[in-house]
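In: Got a predicted model here, sequence first, then my questions.
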Amino acid sequence: MIYSLIEAESEGEKKIAEILKQNFSASQIAVKDISGGCGAMYEIFVESEDFRGKRQVQQHRLVNKALGDEVKSMHGLRIFTAIPEEK
């Protein structure tokens, strides 16, 4: 797996980014706490070949499934997914 971009700063962001790294062959992962630092709401971006051929809702379900119990402790979650451009 190659990670060209992994953005995470807080402990919560790092934990979520690590879970995503373990579950996806992602070229980009970005996790941001958008709750003012309390860890109640996150914005997540994952770019991965794992999403190729899947609808957006299926991609988001994969992210939710990967996060498992972590999602239960969150107030909200914004998920953005993408498929790498073919070169």
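Out: It's in. Residues are numbered from 1 along each chain as shown.

In: Output stretch 71-82 as PDB, nothing but the C-alphas.
Out: Listed next in PDB are the C-alpha coordinates belonging to stretch 71-82 (Å, rounded to 0.1, in the frame of the first residue of the first chain):
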ATOM      1  CA  VAL A  71     -18.600   5.500  14.700                       C
ATOM      2  CA  LYS A  72     -20.800   4.800  17.800                       C
ATOM      3  CA  SER A  73     -19.000   7.300  19.900                       C
ATOM      4  CA  MET A  74     -19.300  10.100  17.300                       C
ATOM      5  CA  HIS A  75     -22.000  12.700  17.000                       C
ATOM      6  CA  GLY A  76     -21.500  13.000  13.300                       C
ATOM      7  CA  LEU A  77     -19.300  11.900  10.400                       C
ATOM      8  CA  ARG A  78     -18.800  13.500   7.000                       C
ATOM      9  CA  ILE A  79     -17.400  11.000   4.500                       C
ATOM     10  CA  PHE A  80     -15.800  11.900   1.100                       C
ATOM     11  CA  THR A  81     -14.400   9.100  -1.100                       C
ATOM     12  CA  ALA A  82     -12.700   9.100  -4.400                       C
END
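
In: Quick one: mean pLDDT over it.
Out: Stretch 71-82 carries an average pLDDT of 91.

In: How far away from the center of its chain is it?
Out: Relative to its chain's centre, stretch 71-82 lies at 8 Å (CA atoms, centre = their mean, to the nearest Å).

In: which other residues reach it?
Out: Identification of contacts with stretch 71-82 by CB atoms under 8 Å, 6 or more residues apart in numbering yields 28, 34-35, 39-48, 51, 56, 59-60, 63-64, 67. The C-beta positions use only the backbone N, C-alpha and C, and glycine is treated the same way.

In: ok, and for it, which residues are buried?
Out: Of the residues in stretch 71-82, those scored as buried under the neighbour-count criterion (16 or more other CB atoms under 10 Å) are 77, 79, 81.

In: if I look at the nearest residue to residue 60 once chain neighbours are set aside, how far off is residue 18?
Out: By the measure of CB to CB, 6 or more residues apart in numbering, the closest residue to residue 60 outside its immediate chain neighbours is residue 79, 4.8 Å from it. Taken as CB to CB, to the nearest Å, the spacing of residue 79 relative to residue 18 amounts to 17 Å.
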